[in-house]
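[1] Predicted model follows, preceded by the sequence.
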Amino acid sequence: MKIAVLGTGGGGRAHAAKLSELGHDVVVGTRDPQVTLGRTEPDFMGTPPFGQWLAGHPGIELLTFGEAARTADLVINGIDGANAVRELTAISEHLAGKTLMDYAVPFIYNPEREHPWPTPWGVMPALDPVDSDSLGERIQRALPETKVVKACVTQEQDTVVEPQAIGGGDHTMFLAGEDADAKEQVAALLRAYGWQDVLDLGPIVSSRGMEMYAHMHSAIQFALGGARFGIKVVR
Ligand SMILES: NC(=O)c1ccc[n+]([C@@H]2O[C@H](COP(=O)([O-])OP(=O)(O)OC[C@H]3O[C@@H](n4cnc5c(N)ncnc54)[C@H](OP(=O)(O)O)[C@@H]3O)[C@@H](O)[C@H]2O)c1
């Protein structure tokens with residue numbers, strides 16, 4: 001399948017590499033390919049420049065967000081939470097009729113709004129929207145012709161694409177969305193990643209809980225000294 005991963009961050013790279021390994025035809029989207037390839041310094045999270053990563057992944061092509069989405073059958077959103085709705089709306093014509101798996105968290109890195117919770121990378125960003133709305137819902141409202149499926153939000157990128165590395169893979173992945181066929185398409189992709197327990201949380205409104213879990217995820221991660229972990233829904 002031709003799959004577009006919109007986003008050049010750590011999450012986008014993890015999905016792109018895994019999908020390529022699984023035999024898919026993968027393109028990655030960015031604002032401006034020349035600018036992205038011209039970067040030589042790691043970002044504030046310490047993620048190495050994208051060009052360095054791309055050199056180690058021959059066969060993966062870097063295009064603009066719009067071009068990447070236009071040529072794909074399935075699209076993954078990894079544009080950061082603060083900018084995703086605007087960027088996706090601008091290319092809505094290339095997303096119409098397609099499944100869009102969204103894994104972004106609506107973190108806002110605004111110093112005036114950050115709450116005083118020190119983290120290894122600075123102060124914890126705030127969530128916006130939160131509680132009475134979510135990024136997943138906003139994207140679905142902005143793209144009524146697109147089948148949005150929220151997934152992969154509750155895990156680190158490395159674990160998303162390699163669930164077996166934690167507890168032999170015996171933990172839970174969540175998804176939510178309005179379209180049953182789109183959710184099955186995403187569930188199939190997650191099973192190909194190695195997920196055995198994919199729990200459908202129902203309509204896209206469940207994005208609220210998945211996104212709000214972000215702070216709990218960080219709290220557990222700090223308690224474990226940064227170690228990778230999974231969460232399991234025990235029935
Ligand atoms: N990494 C994880 O493990 C993980 C797990 C779950 C959820 N998430 C969430 O998923 C989202 C993506 O995370 P990530 O780590 O893969 O990447 P990221 O570094 O948060 O975001 C990278 C993407 O956002 C775009 N971007 C940044 N600023 C922008 C702006 N002002 N206007 C338009 N686009 C902009 C970048 O465009 P360019 O390519 O043009 O620079 C890039 O493609 C985040 O919301 C994150 O919190 C991450």
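    Done, it's in.

[2] How about the residues of the protein by the ligand?
    7-12, 30-31, 36, 78-81, 83, 87, 103-105, 107, 152-153, 156-157 (Cβ under 6 Å from any ligand atom). C-beta coordinates here come from the backbone N, C-alpha and C atoms, glycine included.

[3] Give me the buried entries from those.
    Buried subset of these (neighbour count, 16 or more other Cβ atoms under 10 Å): 7-12, 30, 36, 78-81, 87, 103-105, 107, 152-153, 156-157.

[4] next one: phi and psi at the residue nearest to residue 18 when sequence neighbours are not counted?
    Nearest non-adjacent residue to residue 18, counting by Cβ to Cβ, 6 or more residues apart in numbering: residue 161, 3.9 Å away. Here is the backbone geometry of residue 161 (degrees, to the nearest 10): phi -90, psi 0.

[5] on that earlier part again, show me the residues of the chain next to the ligand that map onto helices.
    The helices, defined by DSSP state H, take in 10-12, 36, 87, 157 from those.

[6] Most widely separated two among those?
    Using Cβ to Cβ, those reach their maximum pairwise distance at 87 and 157, which is 19.6 Å.

[7] any low-confidence regions in this structure?
    111, 114 (pLDDT under 70).

[8] Any idea which residue is closest to the centre of it?
    residue 103 (2.8 Å; Cα atoms, centre = their mean).

[9] any idea how far the residue in the chain positioned nearest to the ligand is from residue 203?
    Proximity of the chain to the ligand (Cβ to the nearest ligand atom) peaks at residue 9, 1.9 Å away. Residue 9 sits 27 Å away from residue 203, going by Cβ to Cβ, to the nearest Å.

[10] What of residue 16?
    28 Å.

[11] These two: which has the busier surroundings?
    residue 16 (27 against 14; other Cβ atoms under 10 Å).

[12] can I assume the more buried one is in contact with residue 5?
    Yes - in this structure, residue 16 is within contact of residue 5 by Cβ atoms under 8 Å, at 4.6 Å.

[13] by contact count, what packs against the longest helix seen in the chain?
    Longest among the helix segments of the chain by residue count, using DSSP H, is helix 207-223. Judged by 3 or more Cβ pairs under 8 Å, 6 or more residues apart in numbering; DSSP states H and E, helix 207-223 is in contact with strand 126-127, helix 135-142, strand 147-151, strand 172-177.

[14] Show me which of those has the highest average neighbour count.
    Among the helices and strands packed on helix 207-223, strand 147-151 has the highest mean neighbour count (mean count of other Cβ atoms under 10 Å), at a mean of 29.
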